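Student: What would the 3D arrangement of this be:
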Amino acid sequence: MAGGLAGATLLTLVHETVRRAVPKAPRMDLLGMQALAKGLHKLGLNIPNPTRLFYYTMAGDLVSNALYYSLGGVNNRKIVLRATLLGLAAGVGAILLPEKMGLNDAPSSRTTATKLMTVGLYLLGGLAAGIVQRAMQKKRQPKAAGKALVL
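Tutor: Predicted coordinates:
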């Protein structure tokens, strides 16, 4: 789970930094807020003010992305590749799924640059998750016993 959390945290930190500096950056925060508000509305629950909605969305993104990226470490083989491919799939899904879910797809798809950055952010998160998961796996493996020195 720690590798997934590392990937999710990096994804969120880079996204929040890029969206403040790059005009065509993806706005996955807005997409997440839109999805959360829509879900709350369908459940007949009150939609919190924009600030709280943002924080709830960020918390939900961290948890769900951490769980998702953790899937890369389910099997102890090819962890980095699997987690990176999960990141790629998440990025492509972030472009293709919003419209099908009845959401505004502009936050992830308004320009080609936005689409490329969307995929890149999720890919980065997956790669980071895989690297951390592999490093943790190697740390947990027992060290091979050294050969005895024969005199």
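Student: List the buried residues in stretch 53-70.
Tutor: Judged by neighbour count using 16 or more other C-beta atoms under 10 Å, the buried positions of stretch 53-70 are 53-54, 56-58, 61-62, 65-66, 68-70. Where C-beta positions appear, they are placed from N, C-alpha and C, glycine not excepted.
Student: So which elements touch the helix ranked longest in the chain?
Tutor: Longest helix in the chain by number of residues (criterion: DSSP state H): helix 112-140. On a contact count with 3 or more C-beta pairs under 8 Å, 6 or more residues apart in numbering; DSSP states H and E, helix 112-140 meets helix 2-21, helix 50-70, helix 79-100, helix 106-109.
Student: can you state the direction angle for the first one and helix 50-70?
Tutor: Right, the one you point to is helix 2-21. 140 degrees (axes from the mean of the first three to the mean of the last three C-alpha atoms, to 10 degrees).
Student: Return the list of helices and strands in contact with helix 2-21.
Tutor: Helix 2-21 is packed against helix 28-42, helix 50-70, helix 79-100, helix 112-140, with contacts defined by 3+ C-beta pairs under 8 Å, 6+ apart.
Student: same question, the longest one
Tutor: With contacts defined as 3+ C-beta pairs under 8 Å, 6+ apart, the secondary structure elements packing on helix 79-100 are helix 2-21, helix 28-42, helix 50-70, helix 106-109, helix 112-140.
Student: Now distance to residue 87 and mean pLDDT too, for those, in JSON lines please.
Tutor: Converted to JSON lines, those look like this (distance: least, C-beta to C-beta, whole Å; pLDDT from 0 to 100):
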{"stretch": "helix 2-21", "distance to residue 87": "7", "mean pLDDT": "90"}
{"stretch": "helix 28-42", "distance to residue 87": "13", "mean pLDDT": "94"}
{"stretch": "helix 50-70", "distance to residue 87": "7", "mean pLDDT": "92"}
{"stretch": "helix 106-109", "distance to residue 87": "14", "mean pLDDT": "90"}
{"stretch": "helix 112-140", "distance to residue 87": "2", "mean pLDDT": "89"}
